[in-house]
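next come a sequence and a model predicted from it.
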Amino acid sequence: MRVVVAIAAVSLAFAADAFACSCLRVDLIRDLPRADGAFIGTVLERKVERQNTVYLFRVEQVYKGDIENRIEVASAGNSAACGLELAVDQRIGLLLTRVGGQWRSSLCSQVDPSAFLALTNVDDSTPPINWGGIVVGVLVLGAGIFFLIRKLRSYRALR
């Protein structure tokens, strides 16, 4: 028994701190108003800087904030510290906070892109084809070609 207690005491003395990330599930109705920014985008680049990872995104759709078509988002360096763990070409929705002049996000702020679409009732289908516009466009193009050919013939007759 003494051996077990001694091993346990030595193990506890040399044990390192354990860190883990635990998140409350994102609820856009609750969390979107508190966020400084929100978007759906695709990861273009991933850079590790000290204890942070900085992601460059191509923005597909902005839901909140003054966000350009390209954005850098900083996050903690690993998932144990609630850092984003995204791959290049991965499409994701993110809620953002603005810290100084930098956008930041975390593992706890990831949102499935379809959740944004469901929240905003955006129709993600292809728009209907404008057949009337196509017919008018073809007629205008045909008339232009007709008059161009006619003009070319009159110039050739003058030579």
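Thanks, I have the structure now. Residues are numbered from 1 along each chain as shown.

let me see the ranges of the strands in the protein.
37-49, 52-64, 70-76, 91-99, 102-104, 110-111 (DSSP state E).

just put the ones you listed in JSON lines and tack on distance to residue 23 and mean neighbour count.
Where C-beta positions appear, they are placed from N, C-alpha and C, glycine not excepted. Listed next are the strands of the chain as JSON lines, based on distance: least, C-beta to C-beta, whole Å; neighbours: other C-beta atoms under 10 Å:
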{"stretch": "strand 37-49", "distance to residue 23": "16", "mean neighbour count": "17"}
{"stretch": "strand 52-64", "distance to residue 23": "17", "mean neighbour count": "17"}
{"stretch": "strand 70-76", "distance to residue 23": "13", "mean neighbour count": "19"}
{"stretch": "strand 91-99", "distance to residue 23": "12", "mean neighbour count": "18"}
{"stretch": "strand 102-104", "distance to residue 23": "15", "mean neighbour count": "19"}
{"stretch": "strand 110-111", "distance to residue 23": "9", "mean neighbour count": "19"}
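
export those strands to a markdown table and tack on distance to residue 153 and mean pLDDT?
Putting the strands of the chain into a markdown table (distance: least, C-beta to C-beta, whole Å; pLDDT from 0 to 100) gives the following:
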| stretch | distance to residue 153 | mean pLDDT |
| --- | --- | --- |
| strand 37-49 | 53 | 92 |
| strand 52-64 | 51 | 92 |
| strand 70-76 | 52 | 93 |
| strand 91-99 | 55 | 93 |
| strand 102-104 | 63 | 93 |
| strand 110-111 | 63 | 90 |
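
what's the closest of the ones you listed to residue 130?
Smallest distance to residue 130 across the strands of the chain (C-beta to C-beta): 23.2 Å, for strand 52-64.
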